[in-house]
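Enquirer: Mind folding the following:
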Amino acid sequence: MNGSSIKRFGSIPVLLAVLAGGALTGCTSGLPGFGKVEAVQDDVITAGVHSAIRRDPDLKVSDLDVNTYQGIVRLQGFVSSADSVAAAASAARTVNGVKSVRNDLRLK
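Expert: I've put the predicted structure just below:
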């Protein structure tokens, strides 16, 4: 290889690094204030809330809908008692990453 070939190909790793950095930066973009990193975290929180509720034998996960947005958990659906409403919210609050719980559960 001559000197000009080395100079020409020597910039390829730099170019690849710049392109890779741009791609990584793009991974966190999405809706304003709601990037993919946050969406993944919200999915983990939602799964954790489902698990916490399943551990309570008096609560039925099939009757509940759990949604999470930026760490705020929303519980919807129907339960059989006021105690179950409180128990579901309490279980949701035990999950790591939960900032608050919006309890929209209704009695059957």
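Enquirer: Could you give the bridge partners of residue 102?
Expert: Applying DSSP bridges to residue 102 gives these bridge partners: residue 74.
Enquirer: how close does it sit to residue 57?
Expert: Here the distance between residue 102 and residue 57 works out to 24 Å (CB to CB, to the nearest Å). (Glycine included, C-beta is placed from N, CA and C.)
Enquirer: residues in contact with residue 102?
Expert: Contacts were defined as CB atoms under 8 Å, 6 or more residues apart in numbering; by that measure residue 102 touches 72, 73, 74, 75.
Enquirer: any idea which of these has the most stuff around it?
Expert: For the contacts of residue 102, neighbours were counted using other CB atoms under 10 Å, and residue 73 has the most, 24 neighbours in all.
Enquirer: first to last residue in stretch 56-66, what's the distance?
Expert: 15 Å (CA to CA, to the nearest Å).
Enquirer: That one - what's its average pLDDT?
Expert: Computed over stretch 56-66, the mean pLDDT rounds to 81.
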